[in-house]
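Peer 1: Turn this into a structure:
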Amino acid sequence: MKLYNIKSLACIALLGLSMSSCEKYLDKPTEDGYDTSNYYSNDAQCRAGVNYLYNSPWYDFMRGFFKVGEVMSGNYYMGSSPYLTFTLDGSDADLANMSASLWAVNTHSTTVYNNIKNASGASEAVKNATMGECLTWKAMAYFYMVRSFGAVPIIHMPVETINSQQSTSLRKAKISNIYDYIILLLEKAITLLPDSDPTKNGRIDKYAAKALLAKVYLTKAGFSEENTTYNPGTYSYITCTAHQRNAADLAKAAELALDVIENSGRKLMDNYSDIFRGENNVCDEALISWAWTMGSHWTCQNSFHCDLSIEGFDENGDCWGGWGGPSVDLQDAFDENALSPDRQNVDARRKATLMMINDEYDYFYADCGGFELLKFCYNGYKDDGHPGPDQWESPTGAGEVKHLYGDNADHARFYGANAGRMASALYTHLLRLADVYLIYCEAAMGNNSSSSDPKVLEYFYQVRHRSVKGYVKPASITWEDIWKERRLELACEGDRWYDFVRRYYYDPSGAIAEIKAQRRNGYNGLNDLYKAYYNGGKKDGWNIDAHPASYDTGAAAPNVTDRSFTIPLPSSDISYNPLLMEAPEDFDLSGITF
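Peer 2: Got it, this is the predicted structure:
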């Protein structure tokens, strides 16, 4: 835990929350300087004071979020990345940034909560709502921490901890304590939040917090301190043994998820790909999102586009993600084959997630009449300022789709301004309604291997039927059906590794075996094959015999062990507080107050 970083960030929060001046998100904050003695005096200031919690403190978590969530899980290929090969250690810069960012969210959320609580002048309804938003973000930060690092300290009042000089004497709390703490945070948030966002601007409401709590209970259901061993000398690793999930936790997850599904008034969007487009930054499907902006302060903006898009995809010279791509194993899950020119397109989620040869997109490059992948790679859109890379880049035969906004004209169409270098205003959806549907299905199935319950079948059907042509409601579904559906529905959204973590809690051998069996490598020879195909008139030019390409079988299977499911704490954190090397201790939650 980078507490020296937390201290400086806490000072920012205490001296006036200057990061909240990011513009255009939710309700625009004041342009005047302010401090906590004269701010939060009306409803607008309370809302404005919370706005930055939806973006800035999370910015340095972004890369770690994707590398852990998608690369480690086998959904995404990034060459020799230690996240792909399970050789990650505490010296990794993205890991350190990830940790610092999560602790910053904890500090900022707590500070803003206390400032609003102690302020006068605003209505009780708005004070409550904004305090509930703070607690939900705090809970989200801890939910990522415990599933990433395992046992970490519980710092309920970070500024008090810093001021009392206890930062270097904090001990890790047990994982079960951390889940109980997250539940306390969310239960309190639920009592404060309104049933729906009165601003209609995408603020967290009561059902969003309930949805997150359902996901927490589903995860907690698999963890058992009694079935967990902490390995001496490795300070953050755990070893779990197989056991049944906690039935009461599963029931609570199902109850909460069903409440959201049936009572929130939200519906699944008709067209899956629309969820990730600029016009739907705020939509029924999105329960909790990072709300990126194009403000004057660095860290308000979305930079995913740069890390994940093909060279030259935008006009800002900031696209360097073409040499990675959605994995071959994920393509297999969608029944796709990069060594064929023919796309299946049975499941609409494939094209909305994986960009492959012969794919065309009307929502990218709309000013150019749409985007055709092979044309861009080998010819470009030169007349429109998009020369293209003049080669095929991705070793997997697929590129990213979800986190891309297109070109500057596409961005301006929705946000009124061009994107900047490493900066867009495309939201990142962290918790979606379809996820809640699948949480309900899995939790309601319980410890059974299958279910024919009508509600389970209905909500599973609604998720799959939206995207899969001709899908007919089944008479029963299995746990494996839900497990795979979660992968297809949420692929490249930063979630898959955390599914593996919660599975590892109660089915360690199953989690390890699945990852070891994945096709996590790339192909050889794709550029020659695709270039000849494109230059030869597409289908008339396809000749894999003349331009052979093949899956790389030379790389070893990942060395996945029990230690792999808890990523190491940053070396800088341990250097700052050596007590983090020691086994976790029971944390007394009875003194937690709000």
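Peer 1: ok, which stretches of the stretch 101-250 of the chain are strands?
Peer 2: Taking DSSP state E, counting those that start in this stretch, the strands of the stretch 101-250 of the chain run over residues 228-230, 238-240.
Peer 1: And the last one, how far out from the chain middle?
Peer 2: Relative to the mean C-alpha coordinate of its chain, strand 238-240 is positioned 24 Å out (CA atoms, centre = their mean, to the nearest Å).
Peer 1: and what of the first one?
Peer 2: Relative to its chain's centre, strand 228-230 lies at 27 Å (CA atoms, centre = their mean).
Peer 1: List the buried residues for it?
Peer 2: The neighbour-count check on strand 228-230 (16 or more other CB atoms under 10 Å) flags 228, 230 as buried. Where C-beta positions appear, they are placed from N, C-alpha and C, glycine not excepted.
Peer 1: on contacts alone, who are the packing partners of it?
Peer 2: On a contact count with 3 or more CB pairs under 8 Å, 6 or more residues apart in numbering; DSSP states H and E, strand 228-230 meets strand 238-240.
Peer 1: If we use 10 Å, what do you get?
Peer 2: If you count contacts as 3 or more CB pairs under 10 Å, 6 or more residues apart in numbering; DSSP states H and E, strand 228-230 packs onto helix 175-192, strand 238-240.
Peer 1: which residues sit against that strand?
Peer 2: 150-151, 172, 174-176, 236-241, 243, 505, 562, 566, 582-584 (CB atoms under 10 Å, 6 or more residues apart in numbering).
Peer 1: Tell me the strands beside it, with direction?
Peer 2: Each strand paired with strand 228-230, and its direction, by DSSP bridges: strand 238-240 (antiparallel).
Peer 1: just the helices in the stretch 101-250 of the chain please.
Peer 2: Along the stretch 101-250 of the chain, counting by DSSP state H, counting those that start in this stretch, helices occupy 124-149, 158-163, 175-192, 206-220, 247-263.
Peer 1: Those: which one's closest to residue 316?
Peer 2: Shortest separation from residue 316 across the helices of the stretch 101-250 of the chain is recorded for helix 124-149, at 29.2 Å, computed as CB to CB.
Peer 1: Which positions within the closest one qualify as buried?
Peer 2: By neighbour count on 16+ other CB under 10 Å, the buried set for helix 124-149 is 126-149.
Peer 1: Next: stretch 184-202.
Peer 2: 184-186, 188-190, 192-194, 197, 202.
Peer 1: so residue 443 touches residue 221, yeah?
Peer 2: Yes - counting by CB atoms under 10 Å, residue 443 touches residue 221, with 7.5 Å between them.
Peer 1: Going along the chain, name the strands of the chain.
Peer 2: For the chain, applying DSSP state E gives strands covering 76-77, 228-230, 238-240, 286-290, 325-326, 354-355, 360-361, 371-372, 399-400, 428-432, 450-451, 477-478, 523-524, 550-551.
Peer 1: What lies in contact with the first one?
Peer 2: For strand 76-77, the surrounding residues in contact (CB under 10 Å, 6+ apart) are 66-67, 69-71, 83-84, 308, 321, 323-330, 394-396, 398, 400, 491-492, 496, 519-522.
Peer 1: just to revisit the earlier point, right, and the strands of the stretch 101-250 of the chain - which one's nearest residue 96?
Peer 2: It is, among those and with distance given as CB to CB, strand 238-240, at 21.3 Å.
Peer 1: what mean pLDDT does the closest one have?
Peer 2: What strand 238-240 shows for mean pLDDT is 93.
Peer 1: ditto for stretch 433-442
Peer 2: 98.
Peer 1: what's the overlap in contacts for residue 443 and residue 221?
Peer 2: 245, 249-253.
Peer 1: Most neighbours among those, which one is it?
Peer 2: The most crowded member of those, judged by other CB atoms under 10 Å, is residue 253 (28 neighbours).
Peer 1: what number of residues lie near residue 170?
Peer 2: For residue 170, using other CB under 10 Å, the count is 17.
Peer 1: buried subset of the contacts of strand 228-230?
Peer 2: 150-151, 172, 174-176, 236-240, 243, 505, 562, 566, 584.
Peer 1: from the residues you listed, which is closest to residue 387?
Peer 2: residue 566 (44.9 Å).
Peer 1: give the contact list for the nearest residue to that closest one once chain neighbours are set aside.
Peer 2: Nearest in space to residue 566, with sequence neighbours left out and distances taken as CB to CB, 6 or more residues apart in numbering, is residue 150 at 3.9 Å. Going by CB under 10 Å, 6+ apart, residue 150 touches 172, 174-175, 178, 228, 230, 235-238, 501, 565-569, 584.
Peer 1: again, but for residue 310
Peer 2: So residue 310 contacts 319-323, 325, 355, 373, 376-377, 388-389, 391-394, 399-400, 404 (CB under 10 Å, 6+ apart).
Peer 1: where's the nearest residue to residue 535 once chain neighbours are set aside relative to residue 390, distance?
Peer 2: Excluding the flanking residues, the one nearest residue 535 by CB to CB, 6+ apart is residue 541, at 6.4 Å. Distance of residue 541 to residue 390, given as CB to CB, to the nearest Å: 17 Å.
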